[in-house]
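[1] I'd like to go over a predicted model; first the sequence, then the structure.
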Amino acid sequence: MSQRGIHPDLFTYTTLIKGLCLEGRIGDARVVFSLMESYGMECDVVTYSTLIDGYCKAGMLEDAQLLFLEMNTKGCFPDVVTFATLIGAFARKKESAKVIELLKKMHDMKISPNMYTRNIVLEYIIKDGDCQSWINSLPDFSSFGKPKNGKH
């Protein structure tokens, strides 16, 4: 592309990262991500969330968590999709403490869980069987009201 004077933009790179992740080529996706940064491109929440999702689906939760922390330090803040991706991955691995930690971080950032996030958490609580313990551990999102776009 560059040889023809066409330079990829953020959307192009993010799409490439998504495709590589879907093919299980997480290492290549990270190389593309790093290449973007070396070109001075600022990755957005969609790009970070795409690579975090790739890591989660590959079972690389530690890498996903490190990237989550990295995005925060670079001034790119997670959204409900980023949180839902991580919460779902940790719930599937039965890591209750991580699920609660992420929910509390969401709460602290005033990000209201959407229906998808709520369903992940409810399904996990039901499978865990210790509902009372969960009720005592979960943050109260009720004060946030309805999301503005109504889709959550």
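    All right, it came through fine.

[2] What residues of the helix or strand hosting residue 20 count as buried?
    Secondary structure assigned from DSSP states H and E places residue 20 in helix 10-22. Within helix 10-22, the residues scored as buried using 16 or more other Cβ atoms under 10 Å are 13, 14, 16, 17, 18, 20, 21. In this view, the C-beta of every residue, glycine as well, is placed from N, C-alpha and C.

[3] Check which element follows that helix along the chain.
    helix 26-38.

[4] what is the orientation angle of that next one with helix 10-22?
    160 degrees (axes from the mean of the first three to the mean of the last three Cα atoms, to 10 degrees).

[5] Now render the buried residues of helix 10-22 as TSV, adding distance to residue 62 and pLDDT.
    As requested, these are exported to TSV (distance: Cβ to Cβ, whole Å; pLDDT from 0 to 100):
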residue	distance to residue 62	pLDDT
13	24	94
14	23	95
16	24	95
17	19	96
18	21	97
20	19	97
21	16	96
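
[6] Domain boundaries for this protein, per the record?
    Following automatic domain parsing, one gets these domains for the chain: 1-67, 78-152.

[7] And the helices in the protein?
    Along the chain, counting by DSSP state H, helices occupy 10-22, 26-38, 45-57, 61-73, 80-92, 96-108, 115-128, 131-137.

[8] Put together a markdown table for those helices, with distance to residue 4 on each row.
    Shown next, in a markdown table, are these (distance: least, Cβ to Cβ, whole Å):
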| stretch | distance to residue 4 |
| --- | --- |
| helix 10-22 | 14 |
| helix 26-38 | 18 |
| helix 45-57 | 24 |
| helix 61-73 | 32 |
| helix 80-92 | 33 |
| helix 96-108 | 43 |
| helix 115-128 | 40 |
| helix 131-137 | 55 |
